[in-house]
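Asker: Build me a model from this:
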Amino acid sequence: MKNLKVLSVFLASFLMLCGSLFSQNVLTGAYYYHADTSLPIPDVQVRLYDTNDSLIASDLTNLAGEYSLSGIPSGQYSLESYIDMESINVDIDDAAEVLFYLLGWVTFDSIQYQAADVDTSGQVDFVDFALIWVSYLTQQKAFPGGDWTFEEVSVTFASRAAGDTTTSDTWGSSMGDVEGEWEPTGRDINILPTEYYSMEMPGKQETTKFAVASNYDGDLDGFQVNLSYAPEKLNILSISGPDENFNYSVDNKSGVIMANWLNFSQGTSMVDGNELFTIEIAGNNEGQISEGELISLLPGSMLLDSDNNKLDNTEIKLPLFKNKQLLNVEVNTYPNPVVSNINFNVKSSSEFSQASLVVYDLTGKKVFDKRDIAVREGEQIISLDAKGLLPGNYIFSLNLKGDGVKSIKGRFVKSK
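Answerer: Reported below is the predicted structural model:
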């Protein structure tokens, strides 16, 4: 009888030990952008580590943002997340929100706070504001904390003979996107329209100034304007803005100008849309500025009114050198989304002796540039090999020159 009791205690202990070592617990859940269940995040690499930093299980979230980890012994674990998807949509409004937080005008929830902490120091301060406003938006530099931030998750499975299923929904955010506006499945990025005005053409080494403006008559609290120009023909001599809060950068290799300004005062802004900033240019030694040569607008440009609202439909005014703009060209893209080759179907009622097709990603980086295209009257196809492009959204600009000038912008999506 005594031996039977000893055997029973041994078996019970053995079963408890087996339950602790071999129970098959399951962890499931989903990843949502800024905890918004309408915005699942696909392709997140989910990794479960134990207290010894040993990898226990991993999975990749599906299109619904869902993951499932099984075969987990009982114990304590941490969930780590990684994604190689490009994060975008950090803009001048996010910089303004961080400034307002630092001045005590707004409050942040925990997700906004972690998204604003772009140097991952554990606190949001003027260093983070400068990194967003100057380093990222003006100089296109990456954040010290990386592209993405995810919620820190710890999970504990208690000892038991049967497996346990736990659900843990988790949030993620692209660094700097305090507003949480970006959609991992592709956001409909609004491109501001351009209005051109005529100006005299400078010759080689002759200088002239022109204003970058808008058709908005009211006061502004901020603006972000990204421009493209031809560095082989134009020299950017200087750029001047409203006051000391104006920032800009010029990339002479890629031909990109990035400029922004914010109103630091609680009082009424002294800046309106009639003139944002002024650029001084000269023709360089390689070639005189051609008739119709213009500086074009890139994605990411934005104006903020005096209530910090985005003015999506406002036109940006840029110079056009003594030429008229024609309105008789139509461009359609197919297939869209594209996997390998994308076609630009161009229908024109005029001939253009010079045309160029430029493609940008949503950060404004130029990823394709094809020049010396002749566009004839009628219909023709311009094809682009898109196999080398990363999955995501892209902006194209077809710039045509002939008896007149036409610039057409559009977008397409690259699939895996």
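Asker: contacts and neighbour counts: CA atoms only from here.
Answerer: OK.
Asker: Would you mark the buried spots in the helix or strand where Val127 lies?
Answerer: Per DSSP states H and E, Val127 falls inside helix 126-130. For helix 126-130, burial by neighbour count (16 or more other CA atoms under 10 Å) applies to 128-129.
Asker: so how far is it off the chain centroid?
Answerer: Helix 126-130 has its C-alpha centroid displaced from the chain centroid by 19 Å (CA atoms, centre = their mean, to the nearest Å).
Asker: and that helix, what does it pack onto?
Answerer: Applying 3 or more CA pairs under 8 Å, 6 or more residues apart in numbering; DSSP states H and E, one finds that helix 126-130 contacts helix 92-102.
Asker: Could you export the helix it packs on as PDB, CA atoms only?
Answerer: Coordinates of the C-alpha atoms in helix 92-102 are reproduced here as PDB (Å, rounded to 0.1, in the frame of the first residue of the first chain):
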ATOM      1  CA  ILE A  92       5.400  68.300 -42.100                       C
ATOM      2  CA  ASP A  93       2.200  67.700 -40.100                       C
ATOM      3  CA  ASP A  94       4.000  65.100 -38.000                       C
ATOM      4  CA  ALA A  95       6.800  67.500 -37.200                       C
ATOM      5  CA  ALA A  96       4.200  70.100 -36.200                       C
ATOM      6  CA  GLU A  97       2.500  67.700 -33.900                       C
ATOM      7  CA  VAL A  98       5.800  66.900 -32.100                       C
ATOM      8  CA  LEU A  99       6.500  70.700 -31.800                       C
ATOM      9  CA  PHE A 100       3.000  71.300 -30.400                       C
ATOM     10  CA  TYR A 101       3.500  68.400 -27.900                       C
ATOM     11  CA  LEU A 102       6.800  69.900 -26.700                       C
END
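Asker: what does that helix contact?
Answerer: For helix 92-102, the external contacting residues (CA atoms under 8 Å, 6 or more residues apart in numbering) are 106-108, 116, 124-126, 129, 132-133, 137, 176-179, 222-224, 260, 262, 302, 304, 308, 310.
Asker: quick revisit: give me the contact list for the helix holding Val127.
Answerer: Residues beyond helix 126-130 that count as contacts (CA under 8 Å, 6+ apart) turn out to be 95, 98-99, 102, 116-119.
Asker: returning to that earlier point: mind giving me the ChimeraX select for the contacts of helix 92-102, buried ones only?
Answerer: Restricted to buried positions by 16+ other CA under 10 Å, the ChimeraX selection for the contacts of helix 92-102 reads:
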select :116,124,125,129,132,133,137,176,177,178,179,222,223,224,260,262,302,304,310
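Asker: From the contacts of helix 92-102, which land in strands?
Answerer: 222-224, 260, 262, 302, 304 (DSSP state E).
Asker: In these, find the pair that's most separated.
Answerer: Leu262 and Met302 (11.8 Å; CA to CA).
Asker: quick one: common contacting residues for the two?
Answerer: Contacts common to Leu262 and Met302, judged by CA under 8 Å, 6+ apart, are Phe223.
Asker: if we can go back for a sec, between the ones in strands among the contacts of helix 92-102, which sits nearest Ser68?
Answerer: Met302 (40.3 Å).
Asker: Give me the pLDDT value at the closest residue to that closest one other than its chain neighbours.
Answerer: Using CA to CA, 6 or more residues apart in numbering and skipping residues adjacent in sequence, the residue nearest Met302 is Gln224, 5.0 Å away. Gln224 carries a pLDDT value of 93.
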